[in-house]
Each structure stands twice: as C-alpha cells, then as structure tokens.
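*Asks:* Got a predicted structure plus its sequence, pasted below:
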Amino acid sequence: MTTCSTSPQPLAPGDWIADRYELLRRLGRGGMGEVFAARDRHTGVDVAIKLLRSRSPEDRRRMLREARVTATISHRNVVSIWEVGVVGPDCFLALELLDGETVAARLERSGVPSLSTAVGWLDALLDALAATHRVGAVHRDVKPDNLFLQRGDRGERLKLIDFGLSKAADDDVTISDVGSVVGTPGYMAPEQLMALDADARTDIYGFGLTAYEILTGRPPFEAHALAAMLAKPPDPPSTLHPALGPAVDAVLLRALAKQPQRRYADVEALRVDWRAALETLGQ
C-alpha cells in the first residue's frame, strides 16, 4: 500500500504536482487537505487535484480506499479518477474536474425542484448506486452534498462524488471501520450510528434520506436528533408534499426502515417499486 505523510509547504496556483499537473486555482480547503483545478501537461486536460495533508494514518487509508473504489467504477453518473500518487510527503488524487454545483447547493439556492427534475436526479442516483454495488463497494455517505450537477452541452448530468467513506469488497475488519461511527450527522443509517457494519442496504437508506429531502425540501430528521433517527419513523413525505401520494410514501418509508432487513435488499428491487410509484404520479 502506498503511504504518505503531511507537508508544511503551502501550494499556490502556478505550482506543479508530480511534474505533471500545473495548479490553476484553489477550489476548496479543509482540515485534511486542499482541492485545486489543474492542467495535465501530458494531455492538456483540466483535472481536479485532491491533495491530502493529514498526519492521521486513517485519513491516508481512506484516501487510498477512495482511489481504489472509484477506480473500479466506470459509469456516467460516478465521478472518474485518473491517478493516485505521492509527491514528496503528500498523497494526491487526480479526478475528473466538474463544473456546476451540488444538489445541496441547488436546493439551498432554488428550493424544491420540479417533480420531473427530481425524478431525473434520483434515477441517476439509483444508476450510480447500482454501478457502485456491482463492484462490491458501498458508498456510505449518500447525501445531497455528494451529488454533483455537472454542466454540459446537453444539459446537466448528476454525478455521485466523494468516496472517502466508502467500503470496498475486500476491506478487512479494521479498514471497514466496524466499531467506529462513520458517516455524516443527519445522513447516517441506524447501523452506522451504532457503529455496525454497512452493506448495500446502508446506501438504500441514504437514497431514502436524499430522495425525501429533494422531494420535500427538508431531511426527515434533524442532524442532532439521534433518538429519532434510531427509533422514530419519519413523517410520510406526502405530509409535506401532498402531490407525492401513498405509493411514493411506501417506497421511501421502506427505504428508510430502521432495520436493514426491512429495507429493499438491493437497488434493483428498489427501482422496480420506485418506477411503479412514479407511474401513479404520471411520471
């Protein structure tokens, strides 16, 4: 396994990574590192460089896991990864550079989308999750912030991004974080909150949370409402958006079941009921 450590040297536009990627502009900065837009000198293609600057071995494992999982998925609705490497003491990922905004930002800016727009986003998310699960991986952090609306000549395309908390099929017990709470407050399935193992049904719960928020304009639970997330069923989404009706309620409430065994077993089973529910709405 590739290893890396932290570096105090600041980076700025005009600097180079691995003598290949010229940094163009900073896109973001967080506690673990930075993200830059960069140009690949070999191809002339612009990419996103995600640079890890953390002393934590777990952070480094998660970045390498992100690279491994993302590299195994080739799908139009999943962000692509070009390279993982080490430059000096730092690890980096070279990823597809996206132009647009997250679904979370769109909801904040424009509110609840039209039903046809919401359905398009959620169908694309189902496709992305199906592709992820086919390679034996689990995303474990499905939420509006991790859905990106990529601008293009033919309109927008939704991309599932940020596999930093993902779990690969060949992860051992240590790497899969059993015994640790892994996820985003407000968007974790009950098994994540209880530090239990996650499987495809965890992402189905994430789909239910995300669909609920996209369709109604609010999540089913507040981020701090731990007891509710573990025990209280959410209000049917049609209580907030009456046009959704009982069929959509039934699908999303099953996806949001507290016990994994009460949820859909896989994305294809969910998709069958989702499409049938949409037909009752004329979609």
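*Replies:* Arrived safely, thanks for sending.
*Asks:* For this structure, which segments are assigned as strands?
*Replies:* With DSSP state E, the ranges of strands along the chain come out as 16-17, 21-29, 33-40, 46-52, 81-87, 90-96, 100-102, 147-152, 155-160.
*Asks:* Pull out the buried positions in the helix or strand bottoming out on mean pLDDT in the chain.
*Replies:* Of all helical and strand segments in the chain, the minimum by mean pLDDT, DSSP states H and E falls on helix 226-231, at a mean of 77. Residues Met229 are the ones in helix 226-231 that count as buried (16 or more other Cβ atoms under 10 Å). Where C-beta positions appear, they are placed from N, C-alpha and C, glycine not excepted.
*Asks:* before we move on, what about stretch 183-193?
*Replies:* Neighbour count says stretch 183-193 has 183-184, 186-192 buried, by 16+ other Cβ under 10 Å.
*Asks:* Which one of those residues is nearest to Leu125?
*Replies:* Within these, the smallest distance to Leu125 is 13.4 Å, found for Tyr187 (Cβ to Cβ).
*Asks:* now that closest one, nearest residue through space, not along the chain?
*Replies:* Distances taken as Cβ to Cβ, 6 or more residues apart in numbering put Lys143 closest to Tyr187, at 4.2 Å, once the chain neighbours are dropped.
*Asks:* what about the one you found, how many residues close to it?
*Replies:* Residues lying near Lys143 (other Cβ atoms under 10 Å) number 21.
*Asks:* and what of the one 5 residues further on?
*Replies:* Using other Cβ under 10 Å, Phe148 is surrounded by 24 other residues.
*Asks:* what sits against it?
*Replies:* Counting by Cβ atoms under 8 Å, 6 or more residues apart in numbering, Phe148 makes contact with 79, 98, 100-103, 158-161.
*Asks:* any idea how far Leu115 is from the residue nearest to Gly206 when sequence neighbours are not counted?
*Replies:* Among residues not flanking Gly206 along the chain, Val142 sits closest, at 2.8 Å (Cβ to Cβ, 6+ apart). Using Cβ to Cβ, to the nearest Å, Val142 is found at 21 Å from Leu115.
*Asks:* Neighbour count for these two, which is higher?
*Replies:* Val142 (29 against 17).
*Asks:* so what pLDDT did the more buried one get?
*Replies:* You'll see Val142 listed with a pLDDT of 97.
*Asks:* you'd agree it is up against Tyr187?
*Replies:* Yes. Contact between Val142 and Tyr187 holds when scored by Cβ atoms under 8 Å: they sit 7.2 Å apart.
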